[in-house]
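need a 3D model of the following:
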Amino acid sequence: MALSIYRLLFHSLRKYPGPVTARMSSLYAAFYAFRTDLHLKAWQNHANYGPVVRQGPNRLVFNSFNALRDIYQNERITKSRAYLVSQRAPGAYGLFNAIDRHLHQKKRKLLGPVVNDRSIRTFEPTMIDQIDIFIRQLLLSCQKEPLAPINMTKRFSYLTMDIMGYFVFGYPLDLQTEATNRFMIDATPNFFLNVALQLPVLGSIRLSNYRYLRVLLRGSKYRNTLRKMIRNRLAEGEDVKSSLLFMTDSLRVSENDDIFIEEIRSEATFLLSAGSDTMSTWLSALFFYLSRNQECYQRLTREIRGAFRCASEIQSGPRLANCYYLRSCLDETLRMSPPIPGTLWRKQVDDDNGQAEPLIIDGHHIPSGTEVGVNIYSLHHNEEYFPEPFTFRPERFLADGLEAGKVSKDGFAPFSLGARGCIGKSMAYQEASLIVAKTLWYFDFEKAQGSAGKLGEVRTKDAGSRQERAGEYQIYDVFGAAHDGPCLSFRPREDYVKELVEGVKRID
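The predicted structure is shown next:
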């Protein structure tokens, strides 16, 4: 009781507004994280309390571009210690939980050659092969049962995990054509991670039981498959271990394969899920919005089919890059349904004497030790940057759009900013562009009929007191975004799918 009174009346953050329960306890945010709607609660709190909200006893969440820049492009700020709940063992650090900036920089530098433009170009034929399998599987479904509803969350999850399996380890998971490894899709318990991240104390005590909980949830099949993937990669040659150095805890190569595999397994899990879960969310949301916004769908279809003469021309290069409406649709989807919809918590770094210089975030003097962040979902739905924020309007990202310019671009940060921004951004845009272009080249699609067609829509009980979200794709905040649907019905373009028939017969 005394602690609650102190936090309400005497704490250094007492002047900042927010729900009473949030100002008293971190359990407030953990509760909504458990409900998977913390991103919506953050958005509602900004509507009720303003651009700076006290979301925990020692946490402030902001809703402005100035704060975004001041926090995530600031060398004096690093990740919150709450991220340490994801450690597999004390002293073991990956890209996700490397609090020390210098260690993170070293790991990121080692990862750079893996995701640079040259590596992505080299990998593109493999990526296109997987996309072609995706197209053939859609055609096979159409041939078996015309206009049957197809759940795009499942299809995109299979596709993106297959791509990441090849990209990270050169391993054929074959989720698109076989059921054997499909358990990998549901084997990343980010839900519990998100709840734990809202309780900073867990990062301080390094809750070891969370590590065992993750192992329990993933199960032995996941661990064994991942070990098989790593061993498959190691079998390629002596220099492979050095190429996987960025995944290690100590940045040193172990001569013992079993020790090495155990050390990089956690980072491998992070890379596989980071590259597949986010892409699945992005693509599922885009197809949801296209199926419900016919003008956008028709305009994008015309652009894709007018840019290429045949499917083999759909690859990275000037033609794809000049599909500006495609890029604007991708960006508008990321704005409305960000694959990481929550708050990435940060904290000021103390100097060598344990002291910290005054920290100013969007004009606010932040007391030392305060954790700060910007909620991406709230920022992307901030009317100051994006008028009519719950309307899918790709034109806002076009150079000649009515709202184009600095305002919209300033408030757009789906990949975060600064030294810890997503290093795979270029590959993500390439992958999404190729998948969308190839799908629209071969197929027309629409929302499925009946109850199946409603999958992915915001449910009334989830919409809150305001109804702006009626046309929004339903995502659930589990650090990443959980989702289901949309269900779509596809029609092959008969004159263009003939070249796929033989491929379908081979797969079948």
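
got the residue ranges for the strands in the stretch 1-150 of the chain?
Taking DSSP state E, counting those that start in this stretch, the strands of the stretch 1-150 of the chain run over residues 52-56, 59-62, 77-79, 150-151.

and Tyr16, what is it in contact with?
52-54, 60 (C-beta atoms under 8 Å, 6 or more residues apart in numbering). (Glycine included, C-beta is placed from N, CA and C.)

got phi/psi on it?
phi -90, psi 130 (degrees, to the nearest 10).

Arg7 versus the closest residue to it other than its chain neighbours, what's the distance?
Spatial nearest neighbour of Tyr16, excluding adjacent residues (C-beta to C-beta, 6 or more residues apart in numbering): Arg54 at 4.2 Å. Distance of Arg54 to Arg7, computed by C-beta to C-beta, to the nearest Å: 9 Å.

these two - which one has more neighbours?
Legend: neighbour count by other C-beta atoms under 10 Å for Arg54 and Arg7, higher for Arg54 (25 against 20).

my guess is the more buried one meets Ser12, correct?
No - contact criterion C-beta atoms under 8 Å: Arg54 and Ser12 do not qualify, at 10.8 Å.

max-length helix in this structure?
For the chain, the helix with the greatest residue count under DSSP state H is helix 257-292.

now do that one: distance to the chain's middle.
Relative to its chain's centre, helix 257-292 lies at 8 Å (C-alpha atoms, centre = their mean, to the nearest Å).

equivalent analysis for stretch 225-239, please.
26 Å.

could I have that stretch exported to CSV, CA atoms only?
Extracted in CSV, the C-alpha atoms of stretch 225-239 (Å, rounded to 0.1, in the frame of the first residue of the first chain):
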residue,chain,number,x,y,z
THR,A,225,14.4,-30.4,-36.3
LEU,A,226,16.4,-27.3,-35.5
ARG,A,227,19.5,-29.4,-34.6
LYS,A,228,19.0,-31.3,-37.9
MET,A,229,18.9,-28.0,-39.8
ILE,A,230,22.1,-26.7,-38.1
ARG,A,231,23.9,-30.0,-38.7
ASN,A,232,22.9,-29.9,-42.3
ARG,A,233,24.4,-26.5,-42.6
LEU,A,234,27.6,-27.5,-40.8
ALA,A,235,28.1,-30.4,-43.2
GLU,A,236,28.7,-28.0,-46.1
GLY,A,237,32.3,-27.3,-45.1
GLU,A,238,34.9,-26.2,-42.5
ASP,A,239,34.3,-22.5,-43.1
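
in that stretch, what's buried?
225-226, 229-230, 233-234 (16 or more other C-beta atoms under 10 Å).

same check on stretch 441-455?
Quick answer for stretch 441-455 (16+ other C-beta under 10 Å): 441-443, 445-448, 452-453, 455.

mean confidence for that stretch?
What stretch 441-455 shows for mean pLDDT is 96.

kindly report the same for stretch 44-55.
97.

so what's the residue count around Leu3?
For Leu3, the neighbour count with other C-beta under 10 Å is 11.
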